[in-house]
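Asker: Sequence below, structure please.
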Amino acid sequence: MVAIIRIQKNALILAILFFLATAVVAQDTTASGPQKPTTTQSTSEAADTQLQKDVQNPLADLISFPFQNNTNFDSGPFKRAQDVLNIQPVIPVKISDNWMLIMRIIQPLVWQPFSNQNTGGEYGLGDMNPTFFLSPRKHGKLIWGIGPVFTIPTATNEVLGQGKLSMGPSVVLLAQPGKWTIVNLVSNVWSVAGSGSRPSVNQMLDQYVIAYQLNKGWYVNSAPIITADWRARSGSVWTVPFGGGIGRVQKLGPQPVNWQVGFYGNAMYPKGGSSWSMRLQLSFLFPKLSPEQKKAMAEEQLKELEQQQQSKK
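Answerer: As a prediction, the model looks like this:
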């Protein structure tokens, strides 16, 4: 029982946060009651609609701080669960009137069960994975970004990382027709330095996202991550998942957040790999607001305070 709790503690923490966020918003909606539409609300709703599109866009001018937990089930000969919590801040930086640099850093925190026994494992940092996308600030119907991706050997134990410094190119293309978002992000890294006793690295990652916006911030999406280890033996090169999930953009108090839950089964995976996984994600969002949107939000918060004071009386 202790081992199970330790393996899945990150997933449980995120699940609790999801339910708390939903409960807080439901309570606020009940307390405030129906309101007549105003110009302020229209401005706020427009900002919310744009935010819902931006959370699906990896190249948006939006600072976000996601915590993504992946529990990979049925791994190894003893069918155990591996757990990976990705801490992955995304920070866009304006470098000129025409160009923007999007920095995306992924730092995994990994629970890796021992492959030769049915108890125990290693817990610690995995290899850091920073990506830098150069993207035009003004886009047409097709949005694109290109830049380098790195794998930095920050793992605290050799079973949690590759022990190699790797780098390569990364490209992302996306379109957002209507309520749809379609994304494809592809990268490949090759090892250039590191421990001579560790195998060389030549790996590809391809993540596509298909998302559809629903009402009140809800959306459904499919965002599998396809990987290929080009140096692996035949039959162990590809990991090809399929599946999807549901999520919502809402506010946790005054803080905008994006949460989602997804389940993926692996149609192809290496021998000893995971057959299916569960993904939980909670992202804290920090949108850049126009002066009109800031004014609208301030007026909205003031009205909420007035309503709370009146309800207390």
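Asker: Only C-alpha atoms from now on, for both contacts and neighbour counts.
Answerer: Will do.
Asker: which residues of the stretch 201-313 of the chain score low on pLDDT?
Answerer: 290-294, 297, 313 (pLDDT under 70).
Asker: can you give me the helices in it?
Answerer: 291-312 (DSSP state H, counting those that start in this stretch).
Asker: where exactly do the strands run in it?
Answerer: With strands called from DSSP state E, counting those that start in this stretch, the stretch 201-313 of the chain shows them at 202-213, 218-222, 225-229, 238-252, 255-268, 276-287.
Asker: so which of those strands gets nearest residue 118?
Answerer: Smallest distance to residue 118 across the strands of the stretch 201-313 of the chain (C-alpha to C-alpha): 18.8 Å, for strand 276-287.
Asker: which ones are touching the nearest residue to residue 145 once chain neighbours are set aside?
Answerer: Once flanking residues are discounted, residue 145 sits nearest to residue 135: 4.4 Å by C-alpha to C-alpha, 6 or more residues apart in numbering. Going by C-alpha atoms under 8 Å, 6 or more residues apart in numbering, residue 135 touches 59, 99-102, 144-146.
Asker: with these in mind, which one is nearest to residue 129?
Answerer: Proximity of the contacts of residue 135 to residue 129, judged by C-alpha to C-alpha, is greatest for residue 102, which lies at 13.9 Å.
Asker: in what helix or strand does the closest residue to that closest one other than its chain neighbours lie?
Answerer: Spatially, and ignoring its direct neighbours in sequence, residue 102 is nearest to residue 92 (4.2 Å; C-alpha to C-alpha, 6+ apart). Assigned by DSSP states H and E, residue 92 belongs to strand 90-94.
Asker: in the next helix-or-strand element following that strand, what's buried?
Answerer: Downstream of strand 90-94, the first helix or strand assigned by DSSP H and E is strand 99-113. By neighbour count with 16 or more other C-alpha atoms under 10 Å, strand 99-113 contains the buried residues 100-113.
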